[in-house]
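Student: Sequence and predicted structure, then a few things I'm wondering about:
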Protein chains: 2
Amino acid sequence: MAKKSKGNKKADKAIGKLKKKLKKLRRKLALAVTPPPAAPQVSPLAPKGGFPVLPVIAGVEFAAAEAGVKYQGRLDVMLARIAPGSAIAGVFTRSSTRSAPVLDCQDKLAKLAAEGAGDRGFAILVNSGNSNAFTGAVGVEAVQTICKAAAKVLKLPESHVFTASTGVIGVPLPAERITAVLDQMKAELSDMAGDRAARAIMTTDTFAKGAVAEVKIDGKTIRIAGFAKGSGMIAPDMATMLVYIFTDAAISQPDLQKCVSSLNRTTFNAITVDSDTSTSDSLMIAATGKSGVQIGGAGSASGKAFAEALGGVMQDLAHQVVKDGEGATKFVEVAVTGATTQAAAHKVAMAIANSPLVKTAIAGEDPNWGRIVMAVGKSGARADRDKLTIRFGEVLVAKNGWVSPDYREEDGAAHMQQQDLKIAVDMGLGSGQATVWTCDLTKRYIEINADYRS
Amino acid sequence: MAKKSKGNKKADKAIGKLKKKLKKLRRKLALAVTPPPAAPQVSPLAPKGGFPVLPVIAGVEFAAAEAGVKYQGRLDVMLARIAPGSAIAGVFTRSSTRSAPVLDCQDKLAKLAAEGAGDRGFAILVNSGNSNAFTGAVGVEAVQTICKAAAKVLKLPESHVFTASTGVIGVPLPAERITAVLDQMKAELSDMAGDRAARAIMTTDTFAKGAVAEVKIDGKTIRIAGFAKGSGMIAPDMATMLVYIFTDAAISQPDLQKCVSSLNRTTFNAITVDSDTSTSDSLMIAATGKSGVQIGGAGSASGKAFAEALGGVMQDLAHQVVKDGEGATKFVEVAVTGATTQAAAHKVAMAIANSPLVKTAIAGEDPNWGRIVMAVGKSGARADRDKLTIRFGEVLVAKNGWVSPDYREEDGAAHMQQQDLKIAVDMGLGSGQATVWTCDLTKRYIEINADYRS
């Protein structure tokens, strides 16, 4: 091999140096331009198992379609057909600016309760993308158009067709896009299509929410299956939330209504994402009776067993809604005990769960118990500062109006790093207690809601 | 010049190429690592003129010191000495977990009101960095220690020394750091040091807040000067807010208390940043009488003129507190008219002003009037959806339960791009009205509160 000239050697050295520099710079650049981790498509709090396999509920069939109400290329209308002989009940938002479909459902349920359902069956028709709320007279007309068309296709009285709409407020609902897919949906009705129905009603949800229960009564099994949507505008008195639950139990309409209204207080009315309450919240439950198992009143053994199973399904769905809270990274249980009354306990729990300063501290994993004291103080419920006890999980943080002598900041901090948190406050005054569930308040919540016209 | 060898030429070319590549990479890297624009140190909504020149109020002197309570290298304690013959009054947080200094001030004012002030003068001593809230018995002791020491240094009865503390909750207040600077502050007392006092009480404030008024009564001029701190945890019933106002008017203690309590309803209790209420909020006002102008009761001409001037100062300070709301980029007036009662109007206005979904829409400059409808609906006040009228500034957005036929989205959007916004809602039901002020909810609010232990 020829010996290299002096000039060549120098040049090689320079090239070597430059190449090294280039390599270094390339590495730096790679690090610098690596995009920040993308916002998760699915909430980190989504149930690990995903959407459950919904069991067939005898007497209930589902269909879903892409009607293009607002979204394109995804399911946005769902139909549930409920067999003759079923009972149906519901609870709805207490907003004084309720949407047209909510008012229509409430009217029809009130009439059914007064007159009896007859033996014709029911239909529930729900669209996402447009809430048909604050749409004046045209909103009412849209509901009538849809109910009329569905009644005709399904051979039901109009008064037996219930609708719900979720999505943007104040934009006329294009009813004709929904009526256009009715024939197709009727043809596709199947008792196995509950998961498609659950997906069709999603808006900003990052995962579909479902829950199931089976319970043995008198040696026979009854089934309950439900699904829900909702992830923002979640507060007491229901939320931007639609919930549909089906069971093959046989239960009278009044008993079904009483049972679901009672359970609603400690489940869907005990969750809050952002303290905002939707104009469209609806929960409906239909009981087909096809299991042949008759459920008695609230005091009976069968009534208790049914309520326990239904309560489990409702709480599961309610927790899933909070876990899909917009931008949520933490699931928080707030348990208040020792308040003067149950209502006072609920007030304190909600003041904590809705406090932006508490929720941002949780987002920052800061065991900032001073903000808990602040929230108790502003709740309006009777409180004695010097009788308060505060716990983060099992960690005793404060008692007798001051930080506990045994409290170590690192213990509080360790609890805050969990994904599932518990804040327990004992008021030291009486026996009133209440538990509510919420999530943290993150920058992602702002991003979602400063951009999305919902 | 010697002709270059073939090898040299090749090497030169390679070096040239590499150098070009290096240059390109360096440019890319410079762009990539340019840090995002820093968060503004001063709120974009800060008054353009900055802190006003506070006029001398005869009979009031100020001092400020660096006591190192928590912050290092900045003023954190302020002292105001008020001449004998003055009247003093105050309003405080309604939190049921009020701090020790708040309870002490309320006790002392109640006694003064019952027994008369005598003719000894007063002192107000305020620290930032530690709120002495939820600190149990040691918190009470700290207040006593400070009042005792200040009373000795200033030759006042202990019952004439008022304190306030703002900052972190639940940490014992190092009273000795405050008492250590009392002699120095006494020596430095000056009727020109109001601006230093205003700076000493700041916590997360990005600018010092001051307001002044002069009013002619019976041909003579009286002066009012006040300053305030506060930028988070701001909600009705006062906030993390300290306000001190001084006037040379002569007015009886009961008249002064009545006047400030009444004005408080439409000023400091009509602002909200985040709906959270502090355990430490205090407003105190001292009237020295040194102008020689006697102010009569609320019905008298002088009483009305005084209230108008004081109301102006209080509203100005209240607006500055909102404009310094943590992360605020918009100042928003929410005016509700046509409600069944004034209380109902206030409820609706606060529901709008505190709604996270309304506040994030404002941050995103989205004229999302659907969220206004939602907030009206959840307020709990009587509402008829189909009688609602909504305006953004002068733009008629919705009436009769639906979007106005003349409304154009670009008009609403243009209003939302302003820095000062107005949301007007007419309920169409009665003559109750209320106006409140708030700011938007931004990512910066989350940043501040997920990190800062306050």
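Tutor: Cool, the structure landed.

Student: Then A:S96 would be within a strand, right?
Tutor: No. In this structure, A:S96 is coil, not part of a strand, as judged by DSSP: H, G, I helix; E, B strand; the rest coil.

Student: OK, contacts around it?
Tutor: Counting by C-beta atoms under 8 Å, 6 or more residues apart in numbering or on different chains, A:S96 touches B:376-377, B:379, B:381-385. C-betas here are computed from N, CA, C, even on glycine.

Student: Which residue would be the closest one in the stretch 151-300 of chain A to chain B?
Tutor: Nearest to chain B in the stretch 151-300 of chain A, going by C-beta to the nearest C-beta, is A:I169, at a distance of 2.8 Å.

Student: Next, the contact list for that residue, please.
Tutor: A:131, A:133-134, A:279, A:454, B:370-371, B:373-374.

Student: Sort those residues by pLDDT and name the bottom one.
Tutor: The member of the contacts of A:I169 with the lowest pLDDT is A:S454, at 40.

Student: What ranges does the stretch 201-350 of chain A have for its strands?
Tutor: Here the stretch 201-350 of chain A has its strands, by DSSP state E, counting those that start in this stretch, at A:209-217, A:220-229, A:242-247, A:271-272, A:282-287, A:331-339.

Student: in the stretch 101-250 of chain A, what spans have low per-residue confidence?
Tutor: A:117-118, A:231-240 (pLDDT under 70).

Student: Likewise for the stretch 301-450 of chain A?
Tutor: Under the criterion pLDDT under 70, no range of the stretch 301-450 of chain A is flagged.

Student: Output the set of residues of it in proximity to chain B.
Tutor: A:354-357, A:360-361, A:363-364, A:366, A:368-371, A:373-379, A:381-386, A:388, A:398, A:400-403, A:441-443, A:445-447, A:449-450 (C-beta under 8 Å from any C-beta of the partner chain).

Student: Find the centremost residue of chain A, please.
Tutor: The centre of chain A sits closest to A:V321, judged by C-alpha atoms, centre = their mean, with a distance of 2.1 Å.

Student: just checking, it touches A:I271?
Tutor: Yes. Under the criterion of C-beta atoms under 8 Å, A:V321 makes contact with A:I271 at 6.2 Å.

Student: on that earlier part again, from the contacts of A:S96, which would you call buried?
Tutor: B:376-377, B:379, B:381-383, B:385 (16 or more other C-beta atoms under 10 Å in any protein chain shown).

Student: which one among these gets closest to chain A?
Tutor: Nearest to chain A among these: B:G377, at 3.2 Å, using C-beta to the nearest C-beta.

Student: Helix, strand, or coil at the closest one?
Tutor: helix.

Student: Among the residues of the stretch 301-450 of chain A next to chain B, which lie within strands?
Tutor: A:398, A:402-403 (DSSP state E).

Student: Pick the one among these closest to chain B.
Tutor: A:W402 (3.2 Å).

Student: Nearest residue to the closest one in space, please, no chain neighbours.
Tutor: Using C-beta to C-beta, 6 or more residues apart in numbering or on different chains and skipping residues adjacent in sequence, the residue nearest A:W402 is B:G136, 3.2 Å away.

Student: so how many other residues sit close to the one you found?
Tutor: Other residues within reach of B:G136, judged by other C-beta atoms under 10 Å in any protein chain shown, total 18.

Student: ok, it touching A:A398?
Tutor: No. B:G136 lies out of contact with A:A398 (C-beta under 8 Å); the separation is 9.2 Å.

Student: what secondary structure does A:C147 sit in?
Tutor: helix.

Student: isn't it right up against A:V161?
Tutor: Yes. Between A:C147 and A:V161 there is a contact at 4.4 Å, judged by C-beta under 8 Å.

Student: A:G116 - how many residues pack around it?
Tutor: Neighbours of A:G116 (other C-beta under 10 Å): 10.

Student: tell me the contacts of it?
Tutor: Contacts for A:G116 (C-beta under 8 Å, 6+ apart) come out as A:Q253.

Student: how much space between it and chain B?
Tutor: Separation of A:G116 from chain B (C-beta to the nearest C-beta, to the nearest Å): 31 Å.

Student: wait, A:A208 sits on A:A198?
Tutor: Yes. Between A:A208 and A:A198 there is a contact at 4.5 Å, judged by C-beta under 8 Å.

Student: quick one, which of the two is more surrounded?
Tutor: Comparing A:A208 with A:A198 by other C-beta under 10 Å, the one with more neighbours is A:A198, at 26 against 22.

Student: and that one, what helix or strand is that in?
Tutor: Assigned by DSSP states H and E, A:A198 falls within helix A:194-200.

Student: now the residue lying closest to A:A398 once chain neighbours are set aside, what's its secondary structure?
Tutor: With C-beta to C-beta, 6+ apart as the criterion, A:A398 has its nearest non-adjacent residue at 4.3 Å, and that residue is A:I390. With three-state DSSP as the basis, A:I390 sits in strand.

Student: Quickly list what A:I390 is bridged to.
Tutor: On the basis of DSSP bridges, A:I390 is bridged to A:A398, A:V425.

Student: list the contacts for it?
Tutor: A:369, A:372-373, A:396-399, A:423-426.

Student: out of the residues you listed, who's nearest chain B?
Tutor: The closest of the contacts of A:I390, once distances to chain B are taken by C-beta to the nearest C-beta, is A:V373, at 4.6 Å.

Student: can you tell me which residues contact the nearest residue to A:M374 once chain neighbours are set aside?
Tutor: Closest residue to A:M374 apart from its sequence neighbours, by C-beta to C-beta, 6+ apart: B:T279 at 5.7 Å. Residues in contact with B:T279, defined by C-beta under 8 Å, 6+ apart, are A:373-374, A:377, B:93, B:95, B:97-99, B:102, B:131, B:133-134, B:169.

Student: Let me have those residues in TSV, adding distance to A:A151 as columns.
Tutor: Formatted as TSV, the contacts of B:T279 follow (distance: C-beta to C-beta, whole Å):
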residue	distance to A:A151
A:V373	56
A:M374	54
A:G377	54
B:T93	57
B:S95	55
B:T97	57
B:R98	60
B:S99	63
B:V102	63
B:S131	63
B:A133	62
B:F134	61
B:I169	60
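
Student: what sits in contact with each of A:A208 and A:A198?
Tutor: Taking C-beta under 8 Å, 6+ apart as the contact rule, the neighbours common to A:A208 and A:A198 are A:51, A:227, A:229.
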